[in-house]
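Engineer: what shape does this take:
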Amino acid sequence: MLNAARLGAAALSAALLSGVAAGPALADSPAPAAPGSPAAPSSAGAQGSPTAPAAPSSAAAPVLPDGLYGKSDPTYDGVWRQSLALSALSAAKVTPADSAVAWLTGQQCEDGGWPSYRAAGAACDAKTEDSNATAVAIQALVALGGHQGAVDKGVQWLKANQNPDGSWPYNPGNPGDANSTGLAVNALFAARTDPASVAKAGKGGAAGKNAFDGLALFQLGCTAPADQRGAFAFQPDPAGGALAPNTLASAQAALAAAGGHLPVTTSVRADATPTALACTDGSAPATIPHAEAGEAVSAYLTAQLTAGSEHLSVAAPGAEPKPDYAATAWAALALVQSGHPEQASDAVDWLEGQGATWTKNGTDAAATATLLLVSEAAHRSTADLTGQLTALGPAPKAGAATAEATPAAKKDSGFGQLWLIIVGLLVGIGGGLLLSLQRKRNPNL
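Structural biologist: Coordinates of the predicted model:
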């Protein structure tokens, strides 16, 4: 059971990371009660479990390190937003500055895990390392290429900190959740490690469940009402183990269920609506087989997007639902990955239309990077978002954004064109004079 301090920290972390105006909690399903705040996954960029440590109210914001994307306090999302930014820029064929990559690799601890943020010179603390930061960092380094050693250590950390039931918690030693398990599976796919082969033995050497088994723990199957089948719960209800659909958990776990990772670059098209889970009678198993998991959650998300005017929402207890930009983004990524870009298209339109609000006019690094990842996956125009993201960090070494972002390059380009025109005129004049002289010498020309 999570204590009140950790639950309150979860809400603070969620508010910092989300594009949603957060109340005291961000869950959209029942959760264990605790004074002040129910347990819930955070939104938007989405670190899954509610276990981030609370910052003292009197603590000064840390000095932003060189190489980091974004200008806000990185305490809760430094590695998260850096990893999203580097993944998005790699897909945009932008080579980031060495300092940006070095900052991310420098956050990795000796045991292979990443914390959400570690101040310069601070020692690693195993209790602050988390599966979400580690998973997205692995995906970013795979996308960048050339960091196999760091990737291998990160994968080993995930393997060492998997629960025997196959799931992953946010911080090691806690019960697993759908968001964290989904992100870990994304990282395994990125690192070309078969999730079915990743299992940790239980007590006494008992065989552990694999990563797909862990993900299946949170997905609602044939025993659920028809309109909930395929959804993911954040965690089972601690009292009776019941699963209740959770919007962000469903959206974030769906990319893993579909066999994907960041950045989403698939061009597979099913050209059909997702197939809902087939439940012919009451004897159907409650657990969805992995082969059907991606289609089942895609069908659920498609229905939710249609009912919600092409976006997903989050509601705190007693409050009106608010648009959940991050959940909508992850749902769109998952639908593209599963071969249903048509079902994602309207959601992408909605996200791009809300982009200025969500990204705070391109100043929120995590939101800007996530929106860029979505636009790239949907094959939309990405020049503006790429420019906004590169402006939030160190100047890139190379790529499409450099020329656009550098006025000197435009000036030099204009001067070069003018020089070519002058040279062409001189050649033309010289050729005319030569021809005139030849005609004087030989009137028959």
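
Engineer: would you mind giving the domain segments of this structure?
Structural biologist: Listed by automatic domain parsing, the domain ranges of the chain are 73-405, 410-445.

Engineer: give the closest residue to residue 389 in space, chain neighbours not counted.
Structural biologist: Spatial nearest neighbour of residue 389, excluding adjacent residues (Cβ to Cβ, 6 or more residues apart in numbering): residue 368 at 5.0 Å. For every residue, glycine as well, the C-beta is placed using N, CA and C.

Engineer: residue 142 versus residue 188, what's the distance?
Structural biologist: According to Cβ to Cβ, to the nearest Å, residue 188 stands 11 Å off from residue 142.

Engineer: where does pLDDT dip in the stretch 101-250 of the chain?
Structural biologist: For the stretch 101-250 of the chain, no stretch is flagged by pLDDT under 70.

Engineer: what about the helices in it?
Structural biologist: Using DSSP state H, counting those that start in this stretch, the helices of the stretch 101-250 of the chain run over 131-144, 148-160, 178-190, 211-216, 247-257.

Engineer: please identify the deepest-packed of the ones you listed.
Structural biologist: Of all the helices of the stretch 101-250 of the chain, helix 247-257 carries the top mean neighbour count, a mean of 31, counting by mean count of other Cβ atoms under 10 Å.

Engineer: give the buried residues for the next helix or strand after that helix.
Structural biologist: Once helix 247-257 ends, the next helix or strand along the chain (criterion: DSSP states H and E) is helix 290-307. Neighbour counts using 16 or more other Cβ atoms under 10 Å place 290, 292-305 of helix 290-307 among the buried residues.

Engineer: give me the distance from helix 290-307 to the chain's centre.
Structural biologist: Offset of helix 290-307 from its chain centre (Cα atoms, centre = their mean, to the nearest Å): 19 Å.

Engineer: what residues does it touch?
Structural biologist: If you take Cβ atoms under 8 Å, 6 or more residues apart in numbering as the criterion, helix 290-307 is touched by 196, 212, 215-216, 219, 227-232, 245, 247, 250-251, 253-254, 257-259, 273-277, 288, 311-312, 328, 331, 334-335, 337-338, 340, 343, 346-347.

Engineer: run the last query once more with 6 Å
Structural biologist: For helix 290-307, contacts defined as Cβ atoms under 6 Å, 6 or more residues apart in numbering pick out 212, 230-231, 250, 254, 257-258, 274-277, 288, 312, 331, 335, 338, 340, 343, 347.

Engineer: burial measure for residue 236, as a count.
Structural biologist: Using other Cβ atoms under 10 Å, residue 236 is surrounded by 17 other residues.

Engineer: wait, residue 309
Structural biologist: When neighbours are defined as other Cβ under 10 Å, residue 309 has 11 of them.

Engineer: what about the closest residue to it other than its chain neighbours, distance to residue 155?
Structural biologist: The spatially closest residue to residue 309, leaving aside those adjacent along the chain, is residue 350, at 7.6 Å (Cβ to Cβ, 6+ apart). For residue 350, the distance to residue 155 equals 35 Å [Cβ to Cβ].

Engineer: buried ones in the helix or strand that contains the residue nearest to residue 389, by neighbour count?
Structural biologist: Element membership of residue 368, judged by DSSP H and E, is helix 365-377. Applying a neighbour-count criterion of 16+ other Cβ under 10 Å, one finds 365-377 buried in helix 365-377.

Engineer: got the residues you listed as TSV, with pLDDT and distance to residue 82 columns?
Structural biologist: Shown next, in TSV, are the buried residues of helix 365-377 (pLDDT from 0 to 100; distance: Cβ to Cβ, whole Å):
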residue	pLDDT	distance to residue 82
365	98	8
366	98	9
367	98	14
368	98	12
369	98	9
370	98	13
371	98	16
372	98	14
373	98	14
374	98	18
375	98	19
376	98	18
377	98	20
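
Engineer: can you tell me which of the domains of the chain is most buried?
Structural biologist: Greatest average neighbour count among the domains of the chain goes to domain 73-405 (a mean of 21), per mean count of other Cβ under 10 Å.

Engineer: just how off-centre is that domain within its chain?
Structural biologist: Put simply, domain 73-405 sits 5 Å off its chain's centre (Cα atoms, centre = their mean).

Engineer: switch to numbering from 27
Structural biologist: Happy to do that; since the first residue is 27 now, the last one works out to domain 99-431.

Engineer: quick one: the strands in this structure?
Structural biologist: Shown for the chain, the strands assigned by DSSP state E span residues 339-340, 348-349.

Engineer: got those as TSV, with distance to residue 118 and mean pLDDT columns?
Structural biologist: Output for the strands of the chain, formatted as TSV (distance: least, Cβ to Cβ, whole Å; pLDDT from 0 to 100):
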stretch	distance to residue 118	mean pLDDT
strand 339-340	29	94
strand 348-349	26	96
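
Engineer: nearest to residue 420, out of those strands?
Structural biologist: Residue 420 lies closest, by Cβ to Cβ, to one member of these: strand 348-349, at 32.0 Å.

Engineer: direction included, what does that closest one pair against?
Structural biologist: strand 339-340 (antiparallel) (DSSP bridges).

Engineer: circling back: closest one of the buried residues of helix 391-403 to residue 196?
Structural biologist: So of the buried residues of helix 391-403, ranked by how close each gets to residue 196 (Cβ to Cβ), first place is residue 392, at 16.8 Å.

Engineer: the closest one is in contact with residue 108, isn't it?
Structural biologist: No - contact criterion Cβ atoms under 6 Å: residue 392 and residue 108 do not qualify, at 9.2 Å.

Engineer: was I right about residue 287 contacting residue 165?
Structural biologist: Yes - if you go by Cβ under 6 Å, residue 287 and residue 165 touch, sitting 5.4 Å apart.
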